[in-house]
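> Got a predicted structure here, sequence first:
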Amino acid sequence: MDAMVVDDPESAAPAGLAQEEKAITPAPSSPPPPPAPAPVSIPPPNGTSTKETPCLSSSLSSLSEHSDLSSIRSESSKATTPVDADSSREAPVPSTAIPTQPMDSPRRKWDVRPKVSIPPDLPLQEYALQCVMAAEASRLNPYSLHQEEYLMLRDHISHAQVTTYLNIRNGILRLWVRNPQIPVTREEAIGCAKDARWFDLASVCFDWLVRRGYINFGCVEARPSRQDSHSASPKGKRRTVVVIGAGMAGLGCARQLEGLFAQYAKNFRRMGEEPPRVIVLEGRNRIGGRVYSRALQTRPKQIPDQFQGKRFTAEMGGMIITGFDRGNPLNILVRGQLGLAYHLLRPDTTLYDSNGKAVDLRRDQLVEKLHNDCLDRVSEYKYKPPASKLIEGNRDLIDEGKDSSAETHKTIRQAEESAAAQPYAPPVSQQNIAPQVNLVPVSTDRATGKIHTEPGMPGAVKAAQKAKLMGWTLKHGVSEDADLDVESAAKEPGATFGSVMDRVIGQYRDLVDLTAQDFRLMNWHVANLEYSNATNYHQLSLQGWDIDAGNEWEGSHSMVVGGYQSVPRGLMHLPTPLDVRQRSPVNKITYTANSPSGPAVVSCEDGSTVEADYVVCTIPLGVLKHGNVRFEPPLPSWKSEAIDRLGFGVLNKVILVFKEPFWEEDRDIFGVLRTPTNRNSVDQKDYASRRGRFFQWFNVSKTSGLPVLLALMAGDAGFDTEQTCNDDLVTEAIEILRSVYGARVPYPVEAVVTRWASDKFARGSYSSAGPDMKADDYDTMARPVGNLFFAGEHTSGTHPATVHGAYLSGLRAASEIIDALLGPIPIPTPLILPKDSASASSSSSSLKRKASALYPEQPTTKDPARARREAYEAALWDHIVAQLGPRPLAPAKPALNAYIFYSKAHHDDARARLEAARRPGKGRPSANEVRIMSAKMWRDAPEDVRRPYIEMAEEQKRAYADALAAFRTAAEDWDRRAAALREAYEREHPLEKEAPQPNNNAASEEGADGAPRRRSRLRVESYAEVDSDDDDDDEDLDEAESEPAARGRGRVQRVETAR
C-alpha cells in the first residue's frame, strides 16, 4: 500500500516551518462592485522569466509557496490551516450622505460628441436591453437611483431628469460589463449622453461609478483620460497607504487603490504631490488568507490535458463561487479578466442513511419541507431592514432607450420639501419609500447551506393545515386548527435561533409522526445550516441569523480548476505586481483617532515599522477577538463591543486522496446522515454533537486533477476536529465511506486535515450573527476610526462569510480612502444646462464641426446606398400588400393545460381555504400562496373532478391544431404569390447600382498606423460558460491571449464586434 501522509493545510514541508510563520493575515473588506483585466501571464515567483510561464491559468497554478506545500507526517495531530471565506455576499453601503461639493470654477470643455459611445447600427431597444442587463449585472437597479446617487443628486436634478441620468449610468455600465478587460474612460462615459447639456452629469456619474468600484476594478490597467494624460508631472510629496492582510479583502483593496491613484493622478499633481504608494503587509509566507489551495504531493499516472501546467490542489478554505449572475464581482474577475477555467457543480445530491442505504427521495423531500417550514416560522422574529428611498425613472422610456423630454425646475429635494409642506403630508424622510417586502425561507442550498427565500408572509398558515399541505398525515386526534406556540419560545430569556428551532421541531412531533430517520434527516439539514454559519445554531441570533437574506447571486455554483487561490494571485500580479511584504506579521497599529488624516505607524513582530498616512485593517474577526494585535489608542467602545457581539466560528475539512475513484464520478456532492448515541432517539438535543461530522462530501476530482473526496466538519464537529488526532479522523472517514460503498474502499494515499481555529492568522473560519448581535453590527465593523479603515467579510452586512463579500469590502474601503484623499466629487452648478443655454448650443455646434476630425471612423450621415435599398424594399413591400393584402397571421396559442382551466374555476375556493387556515393578523393570502394552494387542490382532485378540465384542454388542442393547419396553407399560398410579384417587380423596376465608394472608415477596423481598433468598437460578447464539460476546457492562457475566442467552460469568449 502506498505511504499515506496525513497533513494539515497550513503546516507544510519542513516540520519547523509552521513555527516560522509569524504574520497575521487579515480578512477582506468590501466597497463598490468590481470587475478585472484580460488574461495575462502572471510572473512566477523567484524571478522566473515570464516566457517560462506559458499561460495565466498555469502561472497562477504554479505560483505556489513551495516551502508551504509538502505534507506533514501523521505524528502531528495539530494542523494549522487557514479557513474558508467563501460564500457569496455583498458589502453594505454606508448610510451617511455621499460627499459632494458644488463647483464654482469655470465649466470644463468636453471634446466629445453626444452619443459617440452608443452604437449607431444597434436598434435602440436592443441597446436599452443591454444597458438594463449591465446594471443588473453590477448590483444596481436599472430603474431607480442607488441611495448614494439620491443623496448626491437630489439638489441638482428633478424627478423628470432621473430617467435621462439612469440611461447614461446604465450605458456606462454597459461599456464596462461588455469588456472588463479595458477600463472605461471619462470621454467614453460622457459619450453615453445624447445631448451636450448632460455631459457634466455623465462626468459626475463616471466619478461615482469609478470611486465606488462599479467600473474599472479588478485586474485591469487604468489609463487617464485624453485630457488628463498631457499634464506635467511635477515631483512632490507622496503619501502612503498600508493594507494589513493579503487575503481577498486586502488584495482587492490594494489593487483598487492602485487603479484609483492612476486614474486620478492629475488630481494629486494639482495638489502638489505624487499619487500615494500602497504597501500590503502579510503575516504568512503566502497570499490568499482563508482562500488557500494547498498543493497535493500525489501525482496522477497520466496528467489530464486540462491540467497541463496547473497545480494539483485541494481547497483548504474558500471553495465555492455561489453563482456568477446578477452582480457577483467574481464573474468579472474569474471569467471576464483572468479567464480561469472552472467546473460547474452538479446539483444532484444523494443522501445515505447511517446504514449506507440511500434515503427514499419522497421521504427526504417531505422532511426538507418540514424543516423549511420551521425556518419560515422562526423567521417571523428576524430584524426588519430599514426603509430606503426609491426614486425611480420612467420604466417604459428606459426600456425603449429614450430620455425624458419633460423639463421641471424643482429639484428632487425641492419637490419633496414642497410636498411635505402640504397639510397631513408625510415628512421628506417618509416620501418615496420602497415597499417593505417580507422574505420567507422556501428551500436550502445543499452545496452551501444557504437559505433561499422568496416574498411572502412568515408563518401565515396554521401548523396542522401546513403539515397537510406538505403531504404529512396528522396524528390521530389532532385538529386541523392545531398550531405551534413559537411566541413563548422566542420570548424566553437568552433565546437563540437554535433554541427556538428545537422547540418548533419538538412541537411538530406532537402533530405528525416523526421517526428516528426523520430526525436524522432533519438534523442533516440543520448541519448544513451550521456549515453556512460555521457554528452550532444555538450560537446564532434569533433576530439576525439570516441577515443577508435576499442578496444571493443567481446561476450555477462552481469551483476554479487548479485552485481558487488563482484569483488572489491574479489580483496580486495583474496588471502590475503589488508591493506585498510576506512574513510581516503585525502586532501593533498606531493611528490618529480624531481625524481622517494624520500619522500612523504599523509595527511588526520582528521590530520593523512602516509609517503610513492611512491604514486598512483586514485582520480576520477571529484575530481581533483574540487580541493578538494592539491598537493605539484602543478602539472606541462602539467598535470593540461590535467585535465582541459578532460570532466567529470554525468549519474544518478532511481531504482524502485515493488512487482510483470508487464513487459515482458523475456526482459532485453526497451526504451521510449521522446517528446520536441513542440511534432511535427522537429528541433534538441528542443530535447536536454528531450531526455535522462528515455529513457532507464533495467529489472535487474535476478541480483537483486527482481522485479526491472532501468531507465537511460543521457545527460542534468543527471545533472537535481541533482536538482530534489525524489518524482517528481518517479512520472514522474511511468507516463512513465503507458503510456506503462497501469494503472495497481503500485507505487513502494522502490526507489533509484543516484546523482553522488553531491558525494564529485566522482563529476560525468566518463570521456569523452571534446571539447578542445588533442589527447594524456589520455596518459598525465597516466604519473607519480616524485614519484607520476596516475591510473583510466581517464588515459586509449583505454578503458576510463569503469570498465575494470580502472582495467587495476591499472595494468599499478603497472608496473611503480616495474620498479622504481627494475630498468629495465636484459637482458643477448648475449640473444640467438649460435647453437655451448659449454654452450648450455653442458646445454642440463646435463639436459637430470637429466630428469628422475627432472620430473619422464614426460616419455622421447615413450611407446613401443603404438608404436607397431600404426605400426600394419599402416600395416593393407596399406593392405586394396592395395586390395580396397583409400576410395571414398565425393563430394565438391558447391555454392547453387542464390545470389552467381548473385554477381559474377554483381560484376563489383556493383563497377561501387559505383564509380558513390563516393565523390571526396575517392578512389576506398572497397571489403566490393562492397558486400553490390551487396546485395542491389539482394534485389531490379525483379523476371525475379533473376529467371536464382535461376534456376542455383537449378540445382547445384540436381547435388550435385545425387553425394552425389552415394558417400554414394560407401562408404558403401567400408566400408563393408574393415571390412571383417580387420577381416581376424587380424585373420591371430594377434597383440602380452605384459605383463603389472609397472606404472612408478603414481606420475603424485598424488605424492607419496599424494600431488596434478603438475601444468603442470592441466588446466581450459573453464570458459565460459553454454548456459542455470537454477535456479541452483549459487551454493554456497564452493561447487564450493569442486566440480571441478562448474555448471551453469558464473561458473568456471574446468576439470582435462593434460595441
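Good, I have the coordinates. Residues are numbered from 1 along each chain as shown.

> can we go C-alpha only for contacts and neighbour counts from here?
Noted.

> From residue 515, how far out is residue 685?
Computed with CA to CA, to the nearest Å, the distance linking residue 685 and residue 515 is 15 Å.

> Verify the stated contact: residue 756 with residue 765.
Yes: taking contacts as CA atoms under 8 Å, residue 756 lies within contact range of residue 765: 6.1 Å.

> As a check, name the ranges of all strands in the stretch 901-1050 of the chain.
According to DSSP state E, counting those that start in this stretch, the stretch 901-1050 of the chain carries its strands in the segments 1019-1022.

> And the stretch 601-750 of the chain, by the same measure?
According to DSSP E, counting those that start in this stretch, the stretch 601-750 of the chain carries its strands in the segments 609-612, 614-617, 630-632, 647-648, 652-657, 669-672, 693-699, 708-713, 750-753.

> now what about the fifth one, what contacts it?
With contacts defined as CA atoms under 8 Å, 6 or more residues apart in numbering, strand 652-657 is touched by 83, 298, 314, 316, 706-714, 718-719, 721, 729-730, 748-756.

> what separates the residue nearest the centre of the chain from residue 342, distance-wise?
Note on the chain: the residue nearest the mean C-alpha position is residue 328, at 2.2 Å, using CA atoms, centre = their mean. Between residue 328 and residue 342 the computed distance is 15 Å (CA to CA).

> How many neighbouring residues does residue 769 have?
The local packing count at residue 769 equals 29, with neighbours defined by other CA atoms under 10 Å.

> what's the answer for residue 624, then?
Using other CA under 10 Å, residue 624 has 18 other residues around it.

> which one is it nearest to, not counting chain neighbours?
Excluding its sequence neighbours, the residue lying closest to residue 624 (CA to CA, 6 or more residues apart in numbering) is residue 643, at 7.3 Å.

> Let me see the contact set for the one you found.
When the contact criterion is CA under 8 Å, 6+ apart, the partners of residue 643 are 621, 624, 625, 781.

> Need the pLDDT of it.
Here the pLDDT value assigned to residue 643 is 97.

> Could you do the one 4 residues further on as well?
Residue 647 is assigned a pLDDT of 96 by the prediction.

> so it touches residue 763, yeah?
No: using CA under 8 Å, residue 647 and residue 763 do not qualify as a contacting pair, with a distance of 11.9 Å.

> in stretch 914-934, what counts as buried?
The neighbour-count criterion (16 or more other CA atoms under 10 Å) identifies 914, 915, 917, 918, 919, 925, 929, 930, 933, 934 as the buried residues of stretch 914-934.

> mind listing which of these are in helices?
Taking DSSP state H, the ones among these that sit in helices are 914, 915, 929, 930, 933, 934.

> per-residue confidence at the third one?
Pointing back at residue 929 there. At residue 929, the pLDDT recorded in the model is 78.

> Domain-wise, how is the chain divided?
When the chain is parsed into structural domains using the TED database, the resulting residue ranges are 103-216+391-433, 237-291+564-651+760-834, 867-981.

> any idea which of the ones you listed is most buried?
domain 237-291+564-651+760-834 (a mean of 23; mean count of other CA atoms under 10 Å).

> So which elements touch the top helix by length along the chain?
What stands out as the longest helix in the chain, according to DSSP H, is helix 943-988. In this structure, helix 943-988 makes packing contacts with helix 864-884, helix 898-905, judged by 3 or more CA pairs under 8 Å, 6 or more residues apart in numbering; DSSP states H and E.

> can you do 6 Å?
Packing partners of helix 943-988 (3 or more CA pairs under 6 Å, 6 or more residues apart in numbering; DSSP states H and E): helix 898-905.

> Give me the residue ranges of the stretch 951-1059 of the chain where confidence is low.
Within the stretch 951-1059 of the chain, the set of residues satisfying pLDDT under 70 comprises 993-1059.
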